[in-house]
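Peer 1: Generate coordinates for the sequence data below:
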Amino acid sequence: MSKPKAELYGYPPRREKAAYALKWNALWAVGCWTIFYFVLVFLLAHEKPFWNDELFTFYISRLRNLSDVWNALLTGAEQIPPFFFVITRFLSAIFGFGHVGFRLPEALGYWLMCISLFHFVRVRLSPMYGLIAMAFPLVTASFDYAYEARPYGLVLGLCALALCCWQAASIYHLRTLSLVGLALSGAAALSCHYYALVGLSAIMVGECVRSIHRKKVDVGVWITFVLWIVPLVFFSPLIKAAQSYSGAFWSKPKWTNTLGFYNTLLTPTSLTLAVLLITLGLYSMLRWSENVGSVRIPRNIPIYEIAAVSAFAFVPVLGVILAQAVTGAFNFRYGLPAVIGVSILVAWSSSALAHQRAGIGVVLFLVLTALSLAHGVKLYFEVQGTLKDRMSSYQFVQTEATGTPVVIVDPHLFFELSHDVAERRSGMHLVYLADTSMALKYTNTDTVERGLQAMKRWAPLDVRSFNQFSAAHDTLLVYGYPGPFEWVVEDLIAGGWRLAVQGRNGNQLLFLARRPPGQ
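Peer 2: As a prediction, the model looks like this:
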């Protein structure tokens, strides 16, 4: 009996040919999506002006040498490990200190997260559902950090890479290389931001479940977990300096932070649909087996990977626990690794509900890509609005306050406008009046005041003592608007100063403040 033509010519069987086709089609999709991603990110990065937090990165990264960077971090004004600044210095030295070059590390880190999500899902399911995990983060609020010069994009990429390395180590695929990658990616994540620990702890949760499931401890994996801590020992002086800011930190941990996180990460409608989808999908996946006639079909995804991914999705809870117990500080950005877990759960659930049909996976991927484009367009217009507001404030102050010092009451606006003044060399004189005791009295935090007082050593900031400056002037020009860190106007009114509105720029007011007679 003659052999089928496929076997005669060495062709793979039909099922294998379909698998190969899916694999290569998925790789083409990843390549096209990568081009789409970088075009979108670079456009947003080019247009968006540097804001307050990015300016900390900007000026510290440009210090003369790494020793100066270390000394700047020892002030506690910036609570981030030095490796982030090393990466920023290196890439910006190559690509320039423009908006795109300066934000390139985060763009690469976020892309690495998306590619790692694709790979993690592809190992257990169809590559087409890996595309869903890859595309989903771009329709969440986490995408904002793909073009922001802060360490969060890098942390996301390194945590997702660590998850892939852990998966590879658990199935003994390129075991030595996987363990080295797990150790290095975890240590690098912690060297970019201390709160990367909450993301990495999700992998530890998965390994604990794996140890129980196997009834055996994987010594190699646990050794890599210990190696993660090595950078923290080296950075202990910096951690101690950062802890000095935790007592009155501007964002204290609350259990309601967890609900607020998911509400911010996803729109309320998307959150409801995602929870329904994930719940139904997990129900399908957690069944140990399914009888189909006389054939038993095993579950594709091991219980320990489900545990790790679920722990990633609940990273904000882990972050609040850590903040309540140790750091005293929690912000939305610290919980961003949750997008890793949520994206994988969405892909898994879609696969379970669609019975792994590749066609449905392709449709969902195309829908997510279209939504990503729509989200990117929305962000572009928001960036243009921010740029317009900044330029409007700059031009307004320049017009209304020629030759006179202007007190900017909002610390973020002060830093941003001072940077713009230095970049344009316009000669405007902007002043910020700092007083930690007053800030604590009116805003319950002094970290912003202390940060600006420290940063004036390295950035073009004129930060003065409130009491000394107000005592030396009978009249003050005061510009700003009510905000969470603004207290100067309130204290001037309480002190009897007479304020008259000199001009208005949107919701920002320019006051002429006069000292009361007899003082």
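Peer 1: got any ranges where the stretch 101-250 of the chain has weak pLDDT?
Peer 2: In the predicted model of the stretch 101-250 of the chain, residues 245-250 satisfy pLDDT under 70.
Peer 1: just the helices in it please.
Peer 2: Ranges of helices in the stretch 101-250 of the chain, per DSSP state H, counting those that start in this stretch, are 127-135, 152-170, 175-192, 196-214, 219-228, 230-234, 236-243.
Peer 1: list the buried ones in the third one?
Peer 2: Within helix 175-192, the residues that qualify as buried are 178-179, 181-192, counting by 16 or more other C-beta atoms under 10 Å. (Each C-beta comes from the backbone N, C-alpha and C, glycine too.)
Peer 1: Tabulate those residues (CSV), appending distance to Arg64.
Peer 2: As requested, the buried residues of helix 175-192 are exported to CSV (distance: C-beta to C-beta, whole Å):
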residue, distance to Arg64
Ser178, 39
Leu179, 38
Gly181, 34
Leu182, 35
Ala183, 32
Leu184, 29
Ser185, 30
Gly186, 31
Ala187, 27
Ala188, 25
Ala189, 27
Leu190, 26
Ser191, 21
Cys192, 22
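Peer 1: possible to save the helices of the stretch 101-250 of the chain as JSON lines with distance to Gln468?
Peer 2: Shown next, in JSON lines, are the helices of the stretch 101-250 of the chain (distance: least, C-beta to C-beta, whole Å):
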{"stretch": "helix 127-135", "distance to Gln468": "55"}
{"stretch": "helix 152-170", "distance to Gln468": "38"}
{"stretch": "helix 175-192", "distance to Gln468": "39"}
{"stretch": "helix 196-214", "distance to Gln468": "41"}
{"stretch": "helix 219-228", "distance to Gln468": "47"}
{"stretch": "helix 230-234", "distance to Gln468": "40"}
{"stretch": "helix 236-243", "distance to Gln468": "27"}
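Peer 1: Those helices: which one's closest to Thr399?
Peer 2: helix 152-170 (36.9 Å; C-beta to C-beta).
Peer 1: and the angle from the closest one to helix 175-192?
Peer 2: For helix 152-170 against helix 175-192, the angle by axes from the mean of the first three to the mean of the last three C-alpha atoms, to 10 degrees is 160 degrees.
Peer 1: what's helix 152-170 packed up against?
Peer 2: In terms of contacts (3 or more C-beta pairs under 8 Å, 6 or more residues apart in numbering; DSSP states H and E), helix 152-170 is packed against helix 99-124, helix 175-192, helix 196-214, helix 219-228, helix 303-313, helix 338-353.
Peer 1: How is Leu510 assigned, secondary-structure-wise?
Peer 2: Following DSSP: H, G, I helix; E, B strand; the rest coil, the label given to Leu510 is strand.
Peer 1: And the nearest residue to it once chain neighbours are set aside, how far from Lys48?
Peer 2: Nearest non-adjacent residue to Leu510, counting by C-beta to C-beta, 6 or more residues apart in numbering: Gly503, 4.2 Å away. As defined by C-beta to C-beta, to the nearest Å, Gly503 lies at a distance of 27 Å from Lys48.
Peer 1: Compare the two and say which is more crowded by neighbours.
Peer 2: Set Gly503 next to Lys48 and count neighbours by other C-beta atoms under 10 Å: Lys48 wins out with 22 against 16.
Peer 1: measure the residue nearest to the more buried one when sequence neighbours are not counted to Ala45 for me?
Peer 2: Among residues not flanking Lys48 along the chain, Val383 sits closest, at 4.6 Å (C-beta to C-beta, 6+ apart). Distance from Val383 to Ala45, counting by C-beta to C-beta: 9 Å.
Peer 1: got it, and Val209?
Peer 2: Val209 is 39 Å from Ala45, where distance means C-beta to C-beta.
Peer 1: most tightly surrounded among the helices and strands packed on helix 152-170?
Peer 2: helix 338-353 (a mean of 26; mean count of other C-beta atoms under 10 Å).
Peer 1: Please work out the average pLDDT along that one.
Peer 2: On average, the pLDDT along helix 338-353 is 91.
Peer 1: angle of that helix against helix 99-124?
Peer 2: 40 degrees.
Peer 1: which non-adjacent residue is nearest the residue most central in space within the chain?
Peer 2: By C-alpha atoms, centre = their mean, the chain has its centre lying nearest to Tyr152, at 3.2 Å. In space, and not counting its chain neighbours, Tyr152 is closest to Tyr145: 4.2 Å by C-beta to C-beta, 6+ apart.
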